[in-house]
Structures are given as structure tokens and as C-alpha cells.
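> one predicted model, sequence on top.
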Amino acid sequence: MVSVAPAEQKTLRRLMAAGLVGSSLEWYDFFIYATAAALVFPKLFFPEATPIVALLLSFSTFWAGFIARPIGGLVFGHFGDKVGRKPALVVCLGLMAAATFLIGLLPTTASIGVGAPILLVLLRFLQGIAVGGQWGGVVLLLTETAGPKKRGFAGTFGQAGVPIGVLLGNVAFISATTSLSPEAFASWGWRVPFLASALLFPVVLFIQLKVEDSPVFRELQQRRASGPVVAQAPLKEALRTHRKPILLGAGLMFASNAIFYVSIAGVLSYATTTLGLARESVLVVSMLSSLVSIPVILWAGHASDRLGRRPLIIAGTIGMIVWAFPYFLLVDTASLLLLFVANTVGGIASSLVYGPIAAYLGELFEAHVRYSGASLAYQLASILVSGGTPFVMTALLGATGTSMSVSAFLLVMGLFTLVSVFRLPETHRPERA
């Protein structure tokens, strides 16, 4: 990492607050699609298909966002390394707010026919591009501004936006489903959570006007001004010289991404359709599990500043491997309490990995290719694992008739992550920080 003095506490606190709020709303926008894809999109956009086919088609549109995320990582990673972390983040947040708001206005298949699912996929694709570029912007602004002693903890203010986004999304859907009749919810109530994405625009304005770019990037600008000493094509250089950390960095995310998307999308559909649980109850369980994950993510990032990044990631990965089969044994009881235990224990293990990841992925790359390299690693995992997980879970259940096949999938993802972390170096030396 480029050596810079830690930012003043007031500046860092303001940046952490902006990063947490912006990241939370961005992920809220991205995740409410998962809830809608499980609960309402099959009937609204694929009404003529059988229930299982409609669900698979709905989850396929959900996957489109993840296919787009590496594109966002490529485009905005290059832009962020050339022009700045802040400009890339501002554009991504604005794009996400606009795409999500438009989904809330989208006509259904009953109104305009086949054009409805086509437009849905297009807007989901734009969501994916936005979130693909956003992650690198927010975590690099945080970690590059914090300095080496607080880099792990600072990065968690971007990471904690994920469970907060799930929490906000579940609150939005629970409020809509409990306050409206089923007919009103299916007709227009599902749109309200998407239209609420307009709240992201004031955050975009605040970051644009009140937040400076990171000290690391400002130093890079000074070095560029004095001569061609840094890469003029950072994306090309990242792909040419950093393939190993990009690929293994993606592998670091396999286990946590798989169990996360099983819990927020796959299990939501499975519990309501196969196990017969009420969707509001399942959403409450998901919400409570997300509440537990938030402090664990913050603690894990803080602990990684004292213990190093790899010990936390290894511990969390082993936890997910051990929990793969007990997870669905508990889910299959159809007990809300045991479903909460399954999601919460899996979420704690996942959070031990997810907390230090922001700092760890950034530290694997030199400053002038950091946005490109870290974004590519993070978003490559999204297309390989995250977006396809609900689809894979539905297909495995349909093909085998048993949830143990999904547990086996979680186990394999855990082994991929374990191999990846053992092949990567420790990047943080607590005694030198």
C-alpha cells in the first residue's frame, strides 16, 4: 500500500457514515430484487409457465444482475484507477438508484406482454453494472483513507451495508405484505420498495459535495503529473500481471456468497413453497439473522487489524464447511426457531470471512491497479457463484428431491474458499502497522 498519514478522525468518521449509508441503500436496491424474484415476479412476469419453471425463470433474471457485475467491475475499476475512487462511486450509486426506481414503474406481462420480462432483465442488468462498480469505490475510499492500523475496521463500513441492505429490504416487504391485501400487494404494493430507492439520490449528492477522494489516489495523481511512473492502462495491467490474486481472491468469496444467497433467496422460496411456512415469518427470520451479522462483520474487520486477515477468513470458512449439512437438517424441520439458528450460525461464519475481505482484497494489489484488481476478484465470484446459487439450489432440489444436495454444494464452495486462502499470503502484519 502507498504510505499515507491517517486521516483526521472527523473526516474519517464522516466518510464511514457516508460509506455505510450509501452501501446499505445500494445493497437494499440490489437485494429487494431477490425477495421479489422469490415471491412475486414468477406470477407477474412469467404467468403462463408452471410454478417451478416460472420460479426458475424468475431466478434467471435475478442471475442477470450478477452476470453484469463483472462488467461493472471492469468498467468502473478502470475508471476508478484512472479518474478517482469518488467519481466512480458517485456514478454507480446514481445508476443503481435510477434502475431500481424504474423497476418500480415497470409494466407487467399482463400489460405489455413479452416486453415486460425483457425490460426487467435490462434493468436488472443495469443494477448489476452499478453494484459491480460500487463495491470497489466505497471500500477503497474507506480503507485507503483510514491508514494501516484501522484499514480492516474501516472497510467493514462498506461490508456491513450488505446485511443492513437485507434488513431494510425485508422491512420494506414485510410492511407492504402485512399492510395490504394479497391482491393489492400483487397489483401495486410490491412496487413501493423499489420506488423507495429514490432515497439514494441525497446520499449521492452528499458524497459528491462533502467527501474527498482517498489520500492514496491523490498521491497517484501527483505521481502521474510528474511523469509516466504508474500504469496508464490499469485494467490491462491488472489482467496481465495480477491474474493469480484475482482468481484466488474470487475463490475467497465462494463459500460466504453461496450460503448468503441460499439464505436470502433460495431458502425464502423453499420455506414458503415446499415447507409451507408463511412468507412474512420467513422474512422476519432473515431480518433477525441479518441483525446478528452486522456486529460480527464489524468485529471481524477490527480483529483483523490485530490478528491479520487470514486467521479470521480461515476460521469462518471452516465454520461454513462444518455447518453445511446441519444447516439444512435444521431448515427441513420447518421450525422458525431452528430456521433462525441455521441462518444465524451460517451468517456468523460467513461474516468472519466477509468482514476482513474489503481490506484483504485491496492489500493484494498495488495502488495503481487496486480498484481494477479488487473489483474483478470480488465480482468474478458474483458471476460464478452468487447469482446462480438460487437457480442451482432450485435445480438441485428438483433433480434430487433432497436438500442434502444443496448442503453438498455449500460444502464444495467452502473447500474452494479454503484452498484459495491457503494459497494467498497474509497482507497485514499487526506488529508493523
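Yep, that arrived.
> what segments of the stretch 251-400 of the chain are helices?
For the stretch 251-400 of the chain, applying DSSP state H, counting those that start in this stretch gives helices covering 254-261, 267-273, 279-307, 309-331, 336-363, 370-381, 389-400.
> closest to Met96 out of these?
Nearest of the helices of the stretch 251-400 of the chain to Met96, taken as Cβ to Cβ: helix 370-381 at 14.4 Å. The C-beta positions use only the backbone N, C-alpha and C, and glycine is treated the same way.
> check the offset of that closest one from the chain's centre.
13 Å (Cα atoms, centre = their mean, to the nearest Å).
> use 454 as the first number for this chain going forward.
OK, 454 is where the count begins now, so the last one is helix 823-834.
> check which helices and strands the worst-scoring helix or strand of the chain on mean pLDDT sits against.
Ranked by mean pLDDT, DSSP states H and E, the weakest helix or strand in the chain is helix 687-694, scoring a mean of 73. Packing partners of helix 687-694 (3 or more Cβ pairs under 8 Å, 6 or more residues apart in numbering; DSSP states H and E): helix 504-535, helix 823-834.
> tell me the centre residue of this structure?
Geometric centre of the chain, nearest residue: Val615, 5.7 Å, by Cα atoms, centre = their mean.
> list the contacts of it.
476, 480, 713, 750, 807 (Cβ atoms under 8 Å, 6 or more residues apart in numbering).
> apart from its neighbours in sequence, what residue is nearest the third one?
Spatially, and ignoring its direct neighbours in sequence, Phe713 is nearest to Ser803 (5.8 Å; Cβ to Cβ, 6 or more residues apart in numbering).
> got any ranges where this protein has weak pLDDT?
Along the chain, segments meeting pLDDT under 70 span 454-461, 677-688, 882-886.
> Ser511 versus Gly533, what's the distance?
Gly533 is 33 Å from Ser511, where distance means Cβ to Cβ, to the nearest Å.
> ok, Pro500 next?
Pro500 sits 11 Å away from Ser511, going by Cβ to Cβ.
> same check, this time on Glu819
Between Glu819 and Ser511 the distance, using Cβ to Cβ, works out to 41 Å.
> check which element follows the helix or strand Val584 falls within along the chain.
When elements are defined using DSSP states H and E, Val584 is found to belong to helix 568-599. Following helix 568-599 in sequence order, the next helix or strand is helix 604-612 (DSSP H and E).
> that next one: how far from the chain's middle?
So, by Cα atoms, centre = their mean, the centroid of helix 604-612 is 14 Å from its chain's centroid.
> any buried residues in the next helix or strand after it, and which?
Where DSSP H and E defines the elements, the next helix or strand beyond helix 604-612 is helix 614-632. Residues of helix 614-632 classed as buried under the neighbour-count rule (16 or more other Cβ atoms under 10 Å) are 614-623, 625-627, 629-630.
> same check on stretch 857-867?
Buried, per 16+ other Cβ under 10 Å, within stretch 857-867: 858-864, 866-867.
> quick one: Val584 and Ala830, what's the gap?
In terms of Cβ to Cβ, Val584 sits 15 Å off from Ala830.
> revised request: answer the last question for Val822.
Val822 is 12 Å from Ala830, by Cβ to Cβ.
> quick one: contacts for Lys663?
Applying Cβ under 8 Å, 6+ apart, the residues contacting Lys663 are 467, 471.
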